[in-house]
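Peer 1: return atomic coordinates for the entry below.
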Amino acid sequence: MKTIFILLDTVNRRMLDLFGTEDLAITPNINRLAKRGLVFDNHWCGSAPCMPARRDVMTGRLNMLEKPWGGIEPFDQTLQSILSENCNTHTHMFSDHSHYLIPGGENYTKGFTAWEVFRGQEGDPVWTQPGKNGQREDIKPEGFKGVWSEAERENRSRFLTEYDYPSVKTLWNAASWLENNHDAENFFLWVEAFDPHEPFDCPKYYLDLYEKEGEYDGYDFTHPSYAPNEFTEDETIHLRNRYKAVLTMADRHLGEILDVLDKYNMYEDTLLIFTTDHGFHLGEHGYMAKNYMSPYNEVFHIPMIIAGPGMKKGRTKALTQNIDLLPTVLDYYDISTKKLQCKIHGKNLMPVLMGEKEQVRDSIIYGYFGKQVAYNNGKYTYFRAATNADNKPCNVYCSVPSVLRQYYGSDDGVDVKDYNKIEMGRFLSWTEYPVYKFPSEIINFDNESQDFSKRSDFNKENLLFDIENDYNQCEPITDQTLEEMLIKQLKQCMIDHDSPKEQFERLGI
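Peer 2: Modelled structure (predicted):
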């Protein structure tokens, strides 16, 4: 059995002509793949952002009710480990996602037979130089808006040709590996390119596809801040063009992998999955980036295409989520989920792929840890906010006490105010493994966009939308009867996803 899983980071569904109608990126290879498989029109992220989404995919479990960004836990069974241990499968990763190499990214490579991470994306500190008097300061150039770091500037200075870009290295090396191993049996190839994640950096000839000489004469912004949109209309358009240019570059090198598949007719014996982890605001709702705002469709409604031997082609409206990939791949390898140590939340998509069923689930929940929890039944989305401004009660549960780039209680950003309030015990209903319990109010997470120590002003309201008639979620509905019905459904969905008890209290349900 052969499987290729391809994840391009931060692909905006609305900018693919498979789904969108305006402001589209040029993505001929994503379109090419769509003709080979089944396009999922109603596919959603579960936990966000980056690492929570990957943990969802690798474990088949929704984790955003238990902890924020953090490592794979010792008690997690990952997809790659299950395949390696149960059916003699070679599991291989190519990625340029540098978060695998820092605190908060622990153990995600666990179970891969071999893996390689190409350095130099974003602010990955691989080539950072010293200043004259020690560490170099991050001083924004005059007139600069958005995120600036010397590490990011230094990285970009190393990209002299297109094939110096880390995402291009990732996709090209994956294509080369596939060329050399196309006739091998029993492999699972995980291909993960960081682009089109910010910063939106690529050779100028890609930007020229979207922005002709003289159309924009402002600062060449590439990396928006995680905050309300500070850019002018022209600057926002420029950022959107830069985003699309990077997506087009990633699409070009996705084509190198598809060329190998075509060359050896691998669709006849290979399962191919294409998706992303989440999307990104580029001015919609007045926002840039992700994390701090309500869980709008721009971030959580994501693309997915699956192709495989004997599988249906075309499109499906089945409501699906990233946690569904684990049981689907296990079914393809004829591995029963009954062999797993813990209950999973994902649903097997094989009945949809084989044309046997139209749906495998009728509702989903998703969101960012410690913020609104979103409920979606295909017709309505309902965002339930914390009842109290202090966001209590809210606990982080983990055995590896790390978050983005830091550890809880360390001296480099995450200050824990009172160690005496940290507990350890068997607090999670679905595993007997003991975990730490950190009350959110004792954690000072030095990351404003992902902070959960209090309720954010950006997601303090309960919001209800009819996404069939208001997909852009611009006109909230006020309907008490409908809201009460959705609250009941949200509560049941949270129960089904093993939510810690205090989350119901936090949300007032």
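Peer 1: any weak-confidence spans in the stretch 351-500 of the chain?
Peer 2: 410-413 (pLDDT under 70).
Peer 1: what segments of it are strands?
Peer 2: Shown for the stretch 351-500 of the chain, the strands assigned by DSSP state E, counting those that start in this stretch span residues 364-368, 373-376, 380-384, 395-398, 402-403, 406-407, 415-416, 423-425, 435-439, 443-444, 463-466.
Peer 1: ditto for the stretch 1-150 of the chain
Peer 2: 2-8, 38-44, 47-48, 90-95, 114-117.
Peer 1: what is the mean pLDDT for the shortest one?
Peer 2: Pointing back at strand 47-48 there. Computed over strand 47-48, the mean pLDDT rounds to 98.
Peer 1: for the second one, same thing?
Peer 2: When pLDDT is averaged over strand 38-44, the result is 98.
Peer 1: next: stretch 334-343.
Peer 2: 93.
Peer 1: which one of the strands of the stretch 351-500 of the chain lies nearest to E137?
Peer 2: strand 406-407 (20.5 Å; Cβ to Cβ). C-beta here means a position set from N, CA and C on the backbone, and glycine is covered the same way.
Peer 1: and V329, helix, strand or coil?
Peer 2: On the three-state scheme (DSSP: H, G, I helix; E, B strand; the rest coil), V329 is labelled helix.
Peer 1: can you pull out the helices in the stretch 401-509 of the chain?
Peer 2: Assigned helices in the stretch 401-509 of the chain, in chain order: 480-496, 501-507 (criterion: DSSP state H, counting those that start in this stretch).
Peer 1: specify the angle between the first one and strand 364-368 in degrees.
Peer 2: Direction vectors for helix 480-496 and strand 364-368, defined by axes from the mean of the first three to the mean of the last three Cα atoms, to 10 degrees, enclose an angle of 80 degrees.
Peer 1: got the buried residues for helix 480-496?
Peer 2: Neighbour-count burial for helix 480-496, with 16 or more other Cβ atoms under 10 Å as criterion, is recorded at 483, 486-487, 489-491, 493-494.
Peer 1: still on that earlier bit, how about the helices of the stretch 401-509 of the chain in TSV, adding distance to I139?
Peer 2: TSV is the format used below for the helices of the stretch 401-509 of the chain (distance: least, Cβ to Cβ, whole Å):
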stretch	distance to I139
helix 480-496	46
helix 501-507	40
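Peer 1: which among those helices is found nearest to T431?
Peer 2: With Cβ to Cβ, the closest approach to T431 among these belongs to helix 501-507: 15.6 Å.
Peer 1: would you map out the domains in the chain?
Peer 2: 2-353, 364-507 (automatic domain parsing).
Peer 1: ranking the ones you listed by burial, who's on top?
Peer 2: domain 2-353 (a mean of 20; mean count of other Cβ atoms under 10 Å).
Peer 1: quote the end-to-end distance of it.
Peer 2: Length of domain 2-353, first residue to last, Cα to Cα, to the nearest Å: 17 Å.
Peer 1: same check, this time on stretch 262-273
Peer 2: Between the start and the finish of stretch 262-273 there is a gap of 15 Å, counting by Cα to Cα.
Peer 1: what of stretch 290-298?
Peer 2: Counting by Cα to Cα, you get 9 Å between the two ends of stretch 290-298.
Peer 1: what's in contact with that stretch?
Peer 2: The contact list for stretch 290-298 (Cβ atoms under 8 Å, 6 or more residues apart in numbering) reads 12, 14, 48-49, 226-227, 278-281, 284-285, 287, 299, 366-368, 371-372, 374, 381, 383, 448-450, 456, 458-459, 463, 467, 471-473.
Peer 1: these two touch, right, E150 and T128?
Peer 2: Yes - counting by Cβ atoms under 8 Å, E150 does reach T128; the two are 6.2 Å apart.
Peer 1: give the residues shared as contacts by the two.
Peer 2: Shared contacts of E150 and T128 (Cβ under 8 Å, 6+ apart): R136.
Peer 1: what's the average pLDDT for the lengthiest helix in the chain?
Peer 2: Criterion DSSP state H: the longest helix present in the chain is helix 233-263. Average pLDDT, helix 233-263: 98.
Peer 1: how far does that helix sit from the chain's center?
Peer 2: 18 Å (Cα atoms, centre = their mean, to the nearest Å).
Peer 1: ok and that helix relative to strand 2-8, angle-wise?
Peer 2: Counting by the same axes, to 10 degrees, helix 233-263 lies at 170 degrees to strand 2-8.
Peer 1: by contact count, what packs against helix 233-263?
Peer 2: For helix 233-263, the packing partners by 3 or more Cβ pairs under 8 Å, 6 or more residues apart in numbering; DSSP states H and E come out as strand 2-8, helix 28-34, helix 166-181, strand 187-193, helix 204-207, strand 270-275, strand 281-282.
Peer 1: okay if I get the strands of the stretch 1-150 of the chain as TSV plus distance to D56?
Peer 2: Output for the strands of the stretch 1-150 of the chain, formatted as TSV (distance: least, Cβ to Cβ, whole Å):
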stretch	distance to D56
strand 2-8	12
strand 38-44	11
strand 47-48	5
strand 90-95	17
strand 114-117	19
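Peer 1: out of those strands, nearest to N186?
Peer 2: strand 90-95 (6.3 Å).
Peer 1: what lines up beside that closest one in the sheet?
Peer 2: If you go by DSSP bridges, strand 90-95 pairs up with strand 114-117 (parallel), strand 187-193 (parallel).
Peer 1: go ahead and name everything in contact with that strand.
Peer 2: 80, 83-84, 109, 111-118, 170-171, 173-174, 177, 184, 186-194.
Peer 1: likewise for stretch 356-367?
Peer 2: Residues outside stretch 356-367 that contact it (Cβ under 8 Å, 6+ apart) are 44-48, 62, 64, 295, 300, 316-321, 324, 347-352, 373-378, 383, 489-490, 493-494, 497.
Peer 1: CA-only coordinates of it in CSV, if you can.
Peer 2: Taking C-alpha atoms only, stretch 356-367 is exported to CSV below (Å, rounded to 0.1, in the frame of the first residue of the first chain):
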residue,chain,number,x,y,z
GLU,A,356,-21.4,4.3,-0.7
LYS,A,357,-22.5,7.2,1.5
GLU,A,358,-23.2,10.9,1.1
GLN,A,359,-22.3,11.8,4.7
VAL,A,360,-20.4,10.3,7.7
ARG,A,361,-21.2,13.1,10.2
ASP,A,362,-23.8,15.7,10.7
SER,A,363,-21.9,18.3,12.7
ILE,A,364,-18.5,19.5,13.8
ILE,A,365,-16.8,21.8,16.4
TYR,A,366,-13.6,23.7,16.0
GLY,A,367,-11.7,26.7,17.3
